[in-house]
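Engineer: okay, sequence plus prediction incoming.
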Number of protein chains: 2
Amino acid sequence: MPLLESLTDALRVLPGVGPKSAQRMAYHLLQRDRQGAGRLADTLARALADVRHCARCNTFTEVEVCDRCLSPLRDPALLCVVEMPSDLMVMESTQAYRGLYYVLMGKLSPLDGIGPRELGFERLIERASDGVVQEVILATNFTNEGEATAHYLGEMLRARGLRVSRIARGVPVGGELEHTDLGTVAQAFVERRGW
Amino acid sequence: MPLLESLTDALRVLPGVGPKSAQRMAYHLLQRDRQGAGRLADTLARALADVRHCARCNTFTEVEVCDRCLSPLRDPALLCVVEMPSDLMVMESTQAYRGLYYVLMGKLSPLDGIGPRELGFERLIERASDGVVQEVILATNFTNEGEATAHYLGEMLRARGLRVSRIARGVPVGGELEHTDLGTVAQAFVERRGW
């Protein structure tokens, strides 16, 4: 196969990139931005060689255990479970949480063949059972798959005698009922708190 | 900078890829498709090293002069000018053309700093002035930029005494007037042919 075709083909591993945009990307890389293309090839190869998962929280890192897991300023009694490193970054940005994390690197998705084994639920159970963790906070998304993941994990963790909580679902801060979808308003009513 | 961030950054050289999708791509490459990611890094590096421009038609190739330019079955008196290699492939698919090509690898786009010099118009003029070419067929797109490119090239080529033509613009084959945009119908009227 000509190299140009191989490159177009190889670019299709990128999520959301079809044949047309792969071809456009190949042209662009070879014609308009060879320097950027070289940096991409090089960085990708280095990332594949050196980026691994933190032995404790499972997020992407270049060392055995990441800085966050080693920090003495963190409360080791709290363990927050998120789907992806980007979710961890969002939680960090809130500055509302000072505990530790476990990053699933995905969510239960039976149709894609991603089950508890693929997500390494056993590793999370083991991590949460270190005798130091007092509460596991499930912060997966409120999508169908995120909810299913939280339900499954909740059952497993409670069966080990661990305290489990779920971040709250409801009307967004600053949100008006009139502009909030009905399902959310209904949930906010069902999950109302004493006042 | 952590390698994961460098990779997200490097992915943004791809056209149409913003910070969010670059991050999604980086996760996907490192987590879900390491094999495909390795193939991408490798193919991109090889393509950057080995893919060049044909010395005659300027399209992407891995040799000095591409097979199409060397073919004795082609009519060397006809030279068709297209914007990109993908346009060349479309012309070839029609099986209506048996001459040779010149691929501009772009179009005039003053706002992006792409002028006659960047597109190497001099090389095209030289190519078309080999004494064998009898007619230059301008097959750039009917966008504003493609039209401007065709006008500019037409003037330059005619000034060298070359015969120049432009592919026809009009109602698409199988097209109904009711479902064709008005500008196209108007042009089809203005450029009507004897019948």
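Structural biologist: Arrived safely, thanks for sending.

Engineer: ok, the residue nearest to A:Ser165 when sequence neighbours are not counted - how many residues close by?
Structural biologist: Nearest residue to A:Ser165 in three dimensions, chain neighbours excluded: A:Ile137, at 5.2 Å (Cβ to Cβ, 6 or more residues apart in numbering or on different chains). Where C-beta positions appear, they are placed from N, C-alpha and C, glycine not excepted. For A:Ile137, the count of nearby residues is 19 (other Cβ atoms under 10 Å in any protein chain shown).

Engineer: contact partners of the host helix or strand of A:Ile137?
Structural biologist: Following DSSP states H and E, one finds A:Ile137 within strand A:135-138. Under the contact criterion Cβ atoms under 8 Å, 6 or more residues apart in numbering or on different chains, strand A:135-138 has outside partners A:77-81, A:99, A:128, A:150, A:153-154, A:157, A:162-167.

Engineer: can we see that at 7 Å?
Structural biologist: Residues from elsewhere that reach strand A:135-138, judged by Cβ atoms under 7 Å, 6 or more residues apart in numbering or on different chains: A:77-81, A:128, A:150, A:153-154, A:157, A:162-167.

Engineer: same thing with stretch A:54-61?
Structural biologist: A:51-53, A:64-66, A:68-69, A:85, A:88, A:100-103, A:105, A:123, A:127, B:4, B:30.

Engineer: give the rounded mean pLDDT of stretch A:98-105.
Structural biologist: Averaging pLDDT along stretch A:98-105 yields 95.

Engineer: hang on, I meant stretch A:160-170
Structural biologist: For stretch A:160-170, the per-residue pLDDT averages 89.

Engineer: residues of it that come out buried?
Structural biologist: A:162, A:164, A:166, A:170 (16 or more other Cβ atoms under 10 Å in any protein chain shown).

Engineer: swap in stretch A:178-194?
Structural biologist: Neighbour-count burial for stretch A:178-194, counted by 16+ other Cβ under 10 Å, picks out A:184, A:187-188.

Engineer: for A:His53, which residues are in contact?
Structural biologist: Contact analysis of A:His53 by Cβ under 7 Å, 6+ apart lists A:59-60.

Engineer: can you give me the strands in chain A?
Structural biologist: Assigned by DSSP state E, the strands in chain A fall at A:52-53, A:60-61, A:75-82, A:99-103, A:135-138, A:163-166.

Engineer: nearest to B:Thr94, of those?
Structural biologist: Nearest to B:Thr94 among the strands of chain A is strand A:60-61; the distance by Cβ to Cβ comes to 48.4 Å.

Engineer: who does the closest one pair up with?
Structural biologist: Strands flanking strand A:60-61 in the sheet, each with its direction: strand A:52-53 (antiparallel) (DSSP bridges).

Engineer: still on that earlier bit, need the max-distance pair from the contacts of strand A:135-138.
Structural biologist: Largest separation among the contacts of strand A:135-138 by Cβ to Cβ: A:Ala77 and A:Ala150, giving 20.2 Å.

Engineer: of those two, who's got more company?
Structural biologist: Neighbour count, other Cβ under 10 Å: between A:Ala77 and A:Ala150, A:Ala150 has more, with 22 against 12.

Engineer: against A:Asp9, how distant is the residue positioned nearest the centre of chain A?
Structural biologist: The residue lying closest to the centre of chain A (Cα atoms, centre = their mean) is A:Met84, at 1.0 Å. Separation of A:Met84 from A:Asp9 (Cβ to Cβ, to the nearest Å) stands at 27 Å.

Engineer: so A:Leu100 bridges to which residues?
Structural biologist: Applying DSSP bridges to A:Leu100 gives these bridge partners: A:Leu79.

Engineer: ok so, going back, which residues does the residue nearest to A:Ser165 form beta bridges with?
Structural biologist: For A:Ile137, the beta-bridge partners are A:Cys80, A:Ser165 (DSSP bridges).

Engineer: any idea of the pLDDT on it?
Structural biologist: A:Ile137 carries a pLDDT value of 92.

Engineer: likewise A:Arg192?
Structural biologist: Turning to A:Arg192, the model gives it a pLDDT of 77.

Engineer: count of residues packed around A:Leu88?
Structural biologist: 21.

Engineer: which residues touch it?
Structural biologist: Going by Cβ under 7 Å, 6+ apart, A:Leu88 touches A:59, A:82, A:101, A:103.

Engineer: surely the third one is in contact with A:Met84?
Structural biologist: When you say that, I think you mean A:Tyr101. No. Counting by Cβ atoms under 7 Å, A:Tyr101 does not reach A:Met84; the two are 11.1 Å apart.

Engineer: how close does A:Gln23 get to B:Leu153?
Structural biologist: Applying Cβ to Cβ, the value for A:Gln23 to B:Leu153 is 24 Å.

Engineer: what residue ranges in chain A score low on pLDDT?
Structural biologist: Chain A contains residues with pLDDT under 70 at A:194.

Engineer: and the helices in chain A?
Structural biologist: Secondary structure of chain A (DSSP state H): helices at A:3-11, A:19-27, A:34-50, A:67-70, A:85-94, A:121-128, A:144-159, A:182-190.

Engineer: so of those helices, which one's packed in deepest?
Structural biologist: Comparing the helices of chain A by mean neighbour count (mean count of other Cβ atoms under 10 Å in any protein chain shown), helix A:3-11 ranks first with a mean of 21.

Engineer: helix A:34-50 and that one, what's the angle between them?
Structural biologist: Between the axes of helix A:3-11 and helix A:34-50, defined by axes from the mean of the first three to the mean of the last three Cα atoms, to 10 degrees, the angle is 50 degrees.

Engineer: residues in contact with helix A:3-11?
Structural biologist: A:17, A:22-23, A:25-26, B:39-40, B:43-44, B:46-47, B:50-51, B:60, B:62.

Engineer: now do it: distance to the chain's middle.
Structural biologist: On the basis of Cα atoms, centre = their mean, to the nearest Å, helix A:3-11 is displaced by 30 Å from the centre of the chain it belongs to.

Engineer: return it as PDB; C-alpha atoms alone will do.
Structural biologist: Written as PDB, here are the backbone C-alpha positions of helix A:3-11 (Å, rounded to 0.1, in the frame of the first residue of the first chain):
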ATOM      1  CA  LEU A   3       2.600   5.300   2.400                       C
ATOM      2  CA  LEU A   4       0.000   8.100   1.900                       C
ATOM      3  CA  GLU A   5      -2.800   5.500   2.000                       C
ATOM      4  CA  SER A   6      -1.200   3.800   5.000                       C
ATOM      5  CA  LEU A   7      -1.100   7.100   6.800                       C
ATOM      6  CA  THR A   8      -4.700   7.900   6.000                       C
ATOM      7  CA  ASP A   9      -5.600   4.400   7.300                       C
ATOM      8  CA  ALA A  10      -3.500   4.800  10.500                       C
ATOM      9  CA  LEU A  11      -5.200   8.100  11.300                       C
END
